[in-house]
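> predicted model follows, preceded by the sequence.
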Amino acid sequence: MTATTPHSDTSHKRPNYMLIWLYLFVLTVAEVSLAFELPLSRNIKLLLLLFLAVWKALLVALFFMHLKFERWRLRIIFIIPLPLAIILVTAGVMEKVFK
Amino acid sequence: MTTVAHSRTDAHAEHAPMSFWRKYIFSTDHKIIGIQFLFVSLFFLLVGGILAMQIRWQLGFPNTPMPGGKILPETYIASNGVILPEYYVQLVTMHGTFMIFFAIMPLLVGVYANFLIPLKIGAHDMAFPRINMWSFWLALLAGLIMLAGFFVPNGPPRCGWTMYVPCSARSDLSGVTTGQLLWSVSIVVLGLSSVMGSVNYITTVINHRAPGMTWFRMPLSVWALFITAILGVLALPVLQGAAIMLLFDNVLGTHFFDPVAGGQALLWQHLFWFFGHPEVYILILPAMGMVSDIIANGSRKPIFGYHSMVFAIIGIAFLGWIVWGHHMFMSGMNPTLGSTFMVSTLLIAVPSAVKVFNWMGTMWRGNLRFHVPMLNAIGFVSMFTIGGLSGIFMAATPVDIPLHDTQFIVAHIHYVLFGGSLFALFAAITYWYPKMFGRMMNPGLGKIHFWLTFVAYNLTFFPMHIIGMGGQMRRIYDPTIYDFLKPQQPLNEFISYAAFALFAIQFLFAFNFLWSLKFGQKAPQNPWDDNGMEWSLPNPAPHGNWERTPNVYRGPYEFSSPEAEARGSDFLPQYVKLPTDRDPAPAAGH
Amino acid sequence: MRWWLPDAGSTFAGPIDSLFLAILIITGIALVVVEVGLVAFLIRYRGRPGRKAFYTHGSTRAEVIWTAIPAVTMVALGLISNHYWVLIKGRSSVPPNAYHLGVHAKQFEWQVTYPGPDGKLGTADDFTVRNQLHVVVNQPTAVELTSEDAVHSFFVPEWRLKQDAVPGMHITAWFQATKTGQFELGCAELCGMGHYRMRARVFVHTPEDYKAWLAQQAAGGSE
Amino acid sequence: MTHATQTVDSMRPPFPAESGAGVYSNKLGMWVFLASDVMFFTALIGSYIVLRFGAPGEWAKPGAVLNVPLTAFNTFLLICSSVSMVKAYAAIQDGKKYFLRPVPGKTLRDGGLKFWMLVTILCGAAFVGVQLIEYFKLVHEGFTPAGFRDGSLLAEHAAADPIKYGLAVAGLYGSSFFTMTGFHGFHVTCGVISMTYLYFTKVLPEKYSPQDYRGIEVIGLYWHFVDLVWIILFTIVYLI
Ligand code: HEA
Ligand code: HEA
Ligand code: CUA
Ligand SMILES: [Cu+2]
């Protein structure tokens, strides 16, 4: 097989970056108005906000950092710390959340 | 996997002569950087040892003037020469800090990851030589900042190397101001240095293996150093973050760890140990890897169960992330969490058992050569086992109740860190000394040093188990104020004598090390009849290592194989091309 | 000079000491296997002229054995330990009939608050004594641990009891003393330069003696 | 001694095809560093989460203390700089080294590497500037890393409406707010400085080409990561 050069990721169709930007913009507006304007219960707001934040973060990671077009060997590097972060935070909040 | 490394072959072959400064001081050669790390961290080992001697003086002979103590300033020592309680706690704190962060960690990772990884995988240098140089200079800077703690008003911090809050977050509780800040800053700088180093090691191992050096042809030392680098990259930033919060609590008046304002004392412990336990595996995995290489060499046999050794390293590293709570069983942490941490901790015995028994399997039916590295490696196996087994006591939560924060823990620490890491280092230093300096260390002196150390070390640290069972707490200035500890004082005194002897014996090693630099016997090209790639080079190896990227033809442990016998020797280096060998595919295959 | 854990002084000592012994035996076996094996190998397989090493890359069967045995042992040990752990430290392990004392740790002293004649903490007849812990033998006792400043640790070796006192937290630790007499309470967590002298006397009384002491305290006016 | 080495130089591909992960070293190294940076922010953000869960009182209501519209604008700036960064990356892939170039039949001109990098740097610098303004205003109003400053405007408001301003946990609020956003700002600053350096040493002299634009890709990864962290921070610090 041929060796990889940065070229190889131009072999996929380049995503429409401006469209992603529009997404990010709209989602940010949605977040702010969700937080301030919508009369929802706090927990639902919290979940929705987190969902939107993760969505935005994924857009950046997948398209701007072109993780969507990388091989798993590279993706895994970025993924490994995430469970560790979750473990740490879970243990930290155990005290208060689960008696 | 068919991944075959293709190494970068930038203009490495031709190197113009360089000025002394570029060559030895601001060098980007991984070997020189390794040697720089070696000298600096041996210096800090000496500092840690000197602090330990003062600890032992105080524990063995409380309220007795310390010989030579009068030269210390009066913030440390009473006018009659007796160590002050403040100073004792500072001694313990800085002993732990220096030994862990500035002696053993740089010795194992700074020295040997730097020195061995490129040599053993057939690379010309690290992936990022300049960053590598920075990593060294930052480590040195961090060490000097830490050392400066002794020279500021009130001296270094007084809250143990674990720096528990709120003691460390409030100067009115610890009585220390500047020293505490220096500790935090130093740790942040050190973390930066470690991350830079580890990024380098990881990238180098992944990208710069010579053709034919497949993943499962890598020596276990490289595997261990690689996994260690992963631990470093993920663990040290957490400590950095925690140290920064501690620093801010001290200087900006933040309240992370201030219970009055809603901060949490346990938060620090979680963060510290979330880093801390992976850290202790950073301190043992490279030792295990290098010992594996040396034991295979000394036994003239392939390592027993190479693949399971690799998976054991990975297993230990993985489990290492989910056990940190075993340092916090008594901390008031949720007991259910304690149960979880107990089980995961106990499970670490399983990959460790694989390692220990596979080392024994390697020696089984071998043809043992007792050269100095081999002796120290065997010392490592036998002593690490004791340290690991004492860990089982503390891992069982109910048994940890009487043992936590007693000298039993101190015994455990030293069995794994001195008996483990430091013996492995004695082995590694002797083993790769010819590669570093082109000369051999004196084997006679080395053997004497090994045996004396082995005896004195056990006499020093084994009795600590017993006084720990008797209930003697850690970090106490004067055990004799407790009635129940008074009967143990003779044993404390005995330990101190043994410790003084142990310290004195280390000068044999220091002498051997320094003397051999100039007067050691000139090393033959492959002094230990080893298989590693590094021995295809002259001693010491030139900048850039190989003129042309070498090829790798087989695994690292082909001792006593039929092919080797056919050549009339009992080893078959990785770089030797037999008529039956095909050249590996040069470019990367994915 | 003792070569073992201190004399048992509470109901916890039984299970903890047996567990300690059990682990000592397990690890002792492992230790003997390893160390004796090592020495034997060193002698038997020492290099001699003409000796040849046996070329092998390992044995899956052997490795499975020495992976499985420790795994099973450790899981069993974990289950047994957890049983006692929950009994000793579990959040719901404090017996309902426990006698509650308040212990407030402070650089570098222990302030013990007694419930006074009414037997209840937090009432007007409570009184506080510095560095003296008086308890009743065979009576489940719970100490409500708090801390003023740093992290301290409540440690009575004979009772096999240790529990950190953490500022900002309220932790309950319980025990049942089985032996009357005088003991010592030490601080086991580094809490500053005076950590070593953060020591209190422990008196385990018979119920009658305790009543007498209480009465005497009440008469002498609470501190 | 047989060295048994063989040169492979003749077969070396023209551009940094390094083996292993199948990516060149600088990029791999940057990814590993980013993983480590994730752990750094885990320590800070994780502490914030743990402290907030365990807080002895209610956190301040969103927008009570912090100026959300200003920060929303800042978020917008950072998103813009992220997209301009990726446009710069696309531009150099296509060999557009220039600043701006007219496109026949269109009024908008086509941006090249120099243009998009400049936009990125300016947006990044503006972000830092706005953040500094935010900090100064907050400190002026009385919100500091230690909580509400005594006698300040915010302290008065908080005394009047302790729930809205989260008076009970103001100390924690200040601590975690300034530490998290401060270290994020520090990351942005580092990014701006290195991009400016690259701009003058590599971009303007047209050192990058469609054959080798490693520097742009690697700094881009860093930059997008910083943006990603901000997305998380903006949500959990300002909006929740
Ligand atoms: C190199 C460093 C190193 C290593 C490798 C280890 C390894 C282990 N450690 Fe240790 N530990 C420290 C360094 C290290 N530790 C330090 C510095 C502290 C103190 C920190 C402080 O507070 O200052 C500490 C503290 C510490 C504690 C906290 C005690 C307390 O404060 O109350 C505990 C508790 O569980 C523990 C457990 C273990 C275990 C289970 C292992 C296991 O990994 C060991 C596994 C190995 C074996 C078990 C031996 C080999 C196996 C066999 C021969 C097979 C047969 C065995 C069985 C069937 C059991 N350690
Ligand atoms: C790798 C780690 C390491 C090493 C090697 C040592 C080595 C020693 N330690 Fe240390 N120790 C710790 C890590 C280590 N320690 C830690 C982490 C703690 C906990 C700290 C805390 O509680 O916060 C601790 C705590 C600790 C205590 C407990 C204090 C207390 O709780 O009150 C004691 C008490 O005896 C002690 C003693 C010793 C002794 C006598 C040595 C001797 O082995 C020292 C022998 C001397 C040397 C090893 C130096 C030799 C070097 C040279 C001669 C230089 C060579 C130079 C060239 C070749 C150029 N240590
Ligand atoms: Cu209180 Cu140590
Ligand atoms: Cu641990």
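Looks like it came in fine. Ligands and ions are numbered 1, 2, ... in the order given.
> so where's chain C uncertain?
Along chain C, segments meeting pLDDT under 70 span C:220-223.
> residues in contact with the closest residue to chain D within it?
Closest residue of chain C to chain D, C-beta to the nearest C-beta: C:Gly168 (8.8 Å). No exception for glycine: its C-beta is placed from N, CA and C like everyone else's. By C-beta atoms under 8 Å, 6 or more residues apart in numbering or on different chains, the contact set of C:Gly168 is B:259-260, B:263-265.
> can you do 7 Å?
B:259, B:264-265 (C-beta atoms under 7 Å, 6 or more residues apart in numbering or on different chains).
> any chance of TSV for those, columns distance to D:Met39?
TSV is the format used below for the contacts of C:Gly168 (distance: C-beta to C-beta, whole Å):
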residue	distance to D:Met39
B:Pro259	26
B:Gln264	20
B:Ala265	22
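> okay if I get these as a markdown table plus secondary structure?
Below are the contacts of C:Gly168 laid out as a markdown table (DSSP: H, G, I helix; E, B strand; the rest coil):
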| residue | secondary structure |
| --- | --- |
| B:Pro259 | helix |
| B:Gln264 | coil |
| B:Ala265 | helix |
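> does stretch D:228-235 come close to chain B?
No: Stretch D:228-235 stays clear of chain B (C-beta under 7 Å from any C-beta of the partner chain), getting no nearer than 13.1 Å.
> list of residues touching that stretch?
If you take C-beta under 7 Å, 6+ apart as the criterion, stretch D:228-235 is touched by A:31, A:49-50, A:53, A:56-57, A:60-61, D:41, D:71, D:75, D:78, D:180-181, D:184.
> point out the least confident one among those.
On pLDDT alone, A:Glu31 ranks lowest of these, at 88.
> quick check: closest non-adjacent residue to it.
Leaving aside its chain neighbours, A:Glu31 sits nearest to A:Leu52 (5.1 Å; criterion: C-beta to C-beta, 6 or more residues apart in numbering or on different chains).
> what's the burial count for the one you found?
Burial measure for A:Leu52: 19 neighbouring residues, criterion other C-beta atoms under 10 Å in any protein chain shown.
> pLDDT on stretch D:87-96, on average?
Averaged across stretch D:87-96, pLDDT comes to 90.
> that stretch: how far from the chain's middle?
Remark: stretch D:87-96 is offset 21 Å from the chain centroid, using C-alpha atoms, centre = their mean, to the nearest Å.
> give me the phi and psi angles of D:Tyr208.
Main-chain torsions, D:Tyr208, degrees, to the nearest 10: phi -90, psi 150.
> for D:Gln93, see how far away it is.
Distance from D:Tyr208 to D:Gln93, counting by C-beta to C-beta, to the nearest Å: 10 Å.
> most neighbours, which of the contacts of C:Gly168?
Going by other C-beta under 10 Å, B:Gln264 tops the contacts of C:Gly168 with 28 neighbours.
> what about the closest residue to that one other than its chain neighbours, how many residues nearby?
Spatial nearest neighbour of B:Gln264, excluding adjacent residues (C-beta to C-beta, 6+ apart): D:Gly54 at 5.8 Å. Taking other C-beta under 10 Å as the criterion, the count of residues near D:Gly54 is 20.
> distance of the residue of chain C positioned farthest from its centre from ligand 2?
Relative to the centre of chain C, and counting by C-alpha atoms, centre = their mean, the farthest-placed residue is C:Gly50 at 56.9 Å. In this view, C:Gly50 and ligand 2 are 38 Å apart by C-beta to the nearest ligand atom, to the nearest Å.
> swap in C:Leu101?
Using C-beta to the nearest ligand atom, C:Leu101 is found at 29 Å from ligand 2.
> ignoring the adjacent residues along the chain, who's closest to that residue?
Leaving out its chain neighbours, the residue that sits closest to C:Leu101 by C-beta to C-beta, 6+ apart is C:Val143, at 5.1 Å.
> before we move on, the earlier item: can you check the pLDDT for the residue nearest to B:Gln264?
Note for D:Gly54: predicted pLDDT of 88.
> distance of B:Pro487 relative to B:Leu267?
Distance, B:Pro487 to B:Leu267, using C-beta to C-beta: 40 Å.
> the two - which one has more neighbours?
Each of B:Pro487 and B:Leu267 has its neighbours counted (other C-beta under 10 Å); B:Leu267 has more, 21 against 11.
> in a strand, that one, correct?
No: per three-state DSSP, B:Leu267 lies outside any strand segment and is helix.
> surely it and D:Tyr48 touch.
No: judged on C-beta atoms under 7 Å, B:Leu267 makes no contact with D:Tyr48 at a distance of 10.3 Å.
> all helices of the chain, in order?
Defaulting to chain A. Ranges of helices in chain A, per DSSP state H, are A:17-36, A:42-59, A:72-79, A:81-97.
> that answer is for a different chain, and I need it for chain C
Using DSSP H, helices in chain C cover C:13-44, C:60-89, C:207-219.
> in CSV: these, plus distance to ligand 1 and mean neighbour count.
Shown next, in CSV, are the helices of chain C (distance: least, C-beta to the nearest ligand atom, whole Å; neighbours: other C-beta atoms under 10 Å in any protein chain shown):
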stretch, distance to ligand 1, mean neighbour count
helix C:13-44, 4, 16
helix C:60-89, 4, 17
helix C:207-219, 33, 13
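> closest one to B:Met126 among these?
For these, the distance to B:Met126 is smallest for helix C:60-89, at 34.5 Å, taking C-beta to C-beta.
> what about the closest one, near chain B?
Yes: Helix C:60-89 reaches chain B (C-beta under 7 Å from any C-beta) through C:62-63, C:66-67, C:70-71, C:74, C:77-78, C:81-82, C:84-85, C:88-89.
> let me know the pLDDT of residue 76.
I went with chain A, as the question did not name one. Note on A:Ile76: pLDDT of 91.
> to clarify, I was referring to chain D.
What the model reports as pLDDT for D:Phe76 is 93.
> between the strand or helix carrying it and helix A:17-36, how many degrees?
Element membership for D:Phe76 (DSSP states H and E) is helix D:68-93. For helix D:68-93 against helix A:17-36, the angle by axes from the mean of the first three to the mean of the last three C-alpha atoms, to 10 degrees is 170 degrees.
> helices or strands next to helix D:68-93 in the packing?
Packing partners of helix D:68-93 (3 or more C-beta pairs under 7 Å, 6 or more residues apart in numbering or on different chains; DSSP states H and E): helix A:17-36, helix D:113-141, helix D:214-233.
> residues in contact with the closest residue to B:Val343 other than its chain neighbours?
Spatial nearest neighbour of B:Val343, chain neighbours left out: C:Gly78 (4.4 Å); criterion: C-beta to C-beta, 6+ apart. Residues in contact with C:Gly78 (C-beta under 7 Å, 6+ apart) are B:342-343, B:346.
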